Structures are given as C-alpha cells and as structure tokens.
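Student: Sequence below, structure please.
(one chain, ligands or ions: 1)
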Amino acid sequence: MNHATFRTAWRFEAFTQACAAAGMARVSVWGDEVDRIGVTAAQQVLQDNGLTVFGYNRAGPFLATTKAERADNLATARREIDKAAALGADHVLVFPGRLSDGQKGLCSARRQVAELLVPLLDHARACGIRLALEPLHPMLAGDRSPLCTMAEAIQLCDQLGDGIGIVVDSYHVWWDPALDAQIALAGEKGRILGFHVNDWLVPTRHLLTDRGMMGDGIIDLAHLHEQVLAAGYQGPVEVEIFSDDWWGRDPALVLQTAIQRCESIFQNVESQHG
Ligand code: ZN
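Tutor: Numbers count the residues shown, from 1 in each chain. Predicted structure coming up:
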C-alpha cells in the first residue's frame, strides 16, 4: 500500500498501523510525512508495526534552469536518498519535475534528466539503495516528468548501468501500444522494481487527483498483472491512488475496498497482501 492513497486522512502512524492490521508486510512512504515525525520516529513506528519500506517517494524535482539551482536540487535529492536508505527502503522513486519557464519541447529536459541521474545514481549506489524510474503519463510531461514511456526508461537504464530500474504504474503506461513488449524487455533486463495499480476513469476530471480505484476504470489490470509476472516480477502489487474522491472517504473503507479489488482482479496476489 502506498501512503498517497490516504494522504492526510491517515498520517504516517495511523497508515502503518492500519496496513499492519490488514496483514501487510510492506508499505511505500513519502518523505514529507517522514519529515513530519523525523526519521528515527518513522523507523520506530515501522518496526513496532513489523513493516518494511518498499518504495520511498522521492528524489526530486531536480530539473532547473541554472547550474546553481541544479546543484541545490541534487543536494536535496541526495538527502532524500539518505533518508530512504536509513529506512531500509527497497527503492527510491525518481521525480524529475517541471520544465523551466520559457522552455519549449522536451529534448533539453530529457538530456538533463540523463545527466543528473549520473551523480544521483552514484550516491544511491554508495548508500546501497536502488533508484526507480517511473515513466509518467504524457499529459504530465510539462510539469512532472519528460520521461513518459517504458521504452525511454529502459534506454536510460541501459545507459546508466546497475542500481537503477523501473516502476510500472498502470495509470501512466496503460495507453502505450508497445507496452506488453516493453514490459517483457524490461523484465528480461531485470529492471522491473515495482508495479503500481489504480485505474483510468472516463472521463478523467483532473490531471493529478482523479485516479480511479482498481476496477472502476478502463485499464485491463488483470492483463497488465499477467504481463509483469510473465516478465519475472516477483514483488508486490502496490496500490497508489491519487484521488480527491477517495481522499474524502473513510480511510478504513478505502483500504478495505482496495484489498477486495486486488483480491478479485489479481488472481496471483500474495495472500499476505504483500
Ligand atoms: Zn506510481
């Protein structure tokens, strides 16, 4: 379970308690909530609830106009990687951020992402933690990430070497006609680090905060799950729903609904809701 599914309806402590009570072994967390209570307290809360951290959000944003800004952003991203490592996270999500004011097209932003990932990955390797690229839906290319396809993410991993992989988020990649082949290729290369699930609603009313609960939209999630399993992915199915609608509901009901949907859609889902 990813904490973003509940946001402030459950703070870090309540979220981890509820996930532990539901029988989960792993959670994915956000740096701002860790900062709210501090790394040491967060470690304690996780330990008390018998949970480990799967994904840590996030390193970035780091795209910027000037060299000085980029250096500042890299320093901040390194500190996030340090925190993720302190929490024993499996991987840190990479979040490039928005284009600079006045910038046209994605070429230079893509170049910058590839360049800035080199020092960031060096730092992650030194901390013993993996970086995870998450291709985002192209409607977010201007303000979140110029990295939009599995193909680009695989190519970046090839360039960068060890210690970096890809999180497949159904919301972001479901539309890609090359998706099945790209998932197979990413699996062959041992690059799939995570599998995020949610759904695409029709109509979608907001770019960021109108994701659907699994089963309420048009993504063929069972097929996608089969693809990542066939590609050798053995990690958890991670629920990540950014939704004003679900954030406004009783968090216990959101959790229960998410678990039920996972159990009905993902035939091979781990019995422990890992
Ligand atoms: Zn995601």
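Student: hey, let's count contacts and neighbours off CA atoms from now on
Tutor: Noted.
Student: pLDDT at L133, what is it?
Tutor: pLDDT, L133: 98.
Student: That should have said E240, apologies.
Tutor: Note on E240: pLDDT of 98.
Student: Repeat that for the one 3 residues further on.
Tutor: The confidence metric pLDDT takes the value 98 at S243.
Student: Next: G97.
Tutor: Predicted confidence (pLDDT) for G97: 97.
Student: how much space between it and I183?
Tutor: G97 sits 24 Å away from I183, going by C-alpha to C-alpha, to the nearest Å.
Student: again with L229
Tutor: With distances taken as C-alpha to C-alpha, L229 is found 10 Å from I183.
Student: The two: which is more packed in?
Tutor: When neighbours are counted by other C-alpha atoms under 10 Å, L229 and I183 differ, and I183 comes out ahead with 26 against 17.
Student: which residues sit against the top strand by length along the chain?
Tutor: Counting residues, the longest strand found in the chain (DSSP state E) is strand 52-59. Outside strand 52-59, the residues that touch it by C-alpha atoms under 8 Å, 6 or more residues apart in numbering are 25-31, 46, 76-78, 80-81, 84, 87-95.
Student: Show me these that map onto helices.
Tutor: In this view, the contacts of strand 52-59 that belong to helices under DSSP state H are 31, 46, 76-78, 80-81, 84.
Student: among the residues you listed, who's most crowded?
Tutor: Per-residue neighbour counts (other C-alpha under 10 Å) across the ones in helices among the contacts of strand 52-59 peak at I81, which has 33 neighbours.
Student: Grab the nearest non-local neighbour of T209.
Tutor: Excluding the flanking residues, the one nearest T209 by C-alpha to C-alpha, 6 or more residues apart in numbering is S243, at 4.4 Å.
Student: Pull the contacting residues for that neighbour.
Tutor: With contacts defined as C-alpha under 8 Å, 6+ apart, the neighbours of S243 are 5, 208-212.
Student: As TSV, the residues you listed with secondary structure would be great.
Tutor: Below are the contacts of S243 laid out as TSV (DSSP: H, G, I helix; E, B strand; the rest coil):
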residue	secondary structure
T5	helix
L208	coil
T209	coil
D210	strand
R211	coil
G212	strand
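Student: for this protein, which spans come out with low pLDDT?
Tutor: In the predicted model, the chain carries pLDDT under 70 at residues 268-274.
Student: And for stretch 103-123, what's in contact with it?
Tutor: 62-63, 74, 77-78, 81, 96, 99, 130-131, 141, 146-147, 156, 160, 163-164.
Student: Which members of the ones in helices among the contacts of strand 52-59 are the farthest-apart pair?
Tutor: L46 and T76 (23.8 Å; C-alpha to C-alpha).
Student: Stretch 5-16 spans what distance, first to last residue?
Tutor: Taking C-alpha to C-alpha, the first and last residues of stretch 5-16 lie 12 Å apart.
Student: what does stretch 144-151 give?
Tutor: End-to-end distance for stretch 144-151, by C-alpha to C-alpha: 18 Å.
Student: hey, what's the residue minimising distance to the centre of the chain bridged with?
Tutor: Closest residue to the average C-alpha location of the chain: L93 at 5.5 Å, with C-alpha atoms, centre = their mean. Under the criterion DSSP bridges, L93 forms beta bridges with N57, A132.
Student: thought it was touching L136?
Tutor: No: between L93 and L136 there is no contact under C-alpha atoms under 8 Å: 11.7 Å.
Student: how about this structure, which residue sits the furthest from its center?
Tutor: Distance from the C-alpha centroid of the chain peaks at G102, with 28.4 Å (C-alpha atoms, centre = their mean).
Student: all strands in the stretch 51-200 of the chain, in order from the N-terminus.
Tutor: Secondary structure of the stretch 51-200 of the chain by DSSP state E, counting those that start in this stretch: the strands cover 52-59, 91-94, 130-133, 164-169, 192-197.
Student: could you redo these as CSV and give each row distance to A41?
Tutor: Formatted as CSV, those follow (distance: least, C-alpha to C-alpha, whole Å):
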stretch, distance to A41
strand 52-59, 14
strand 91-94, 20
strand 130-133, 23
strand 164-169, 28
strand 192-197, 26
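Student: Ok, which of these comes nearest A258?
Tutor: strand 192-197 (9.9 Å).
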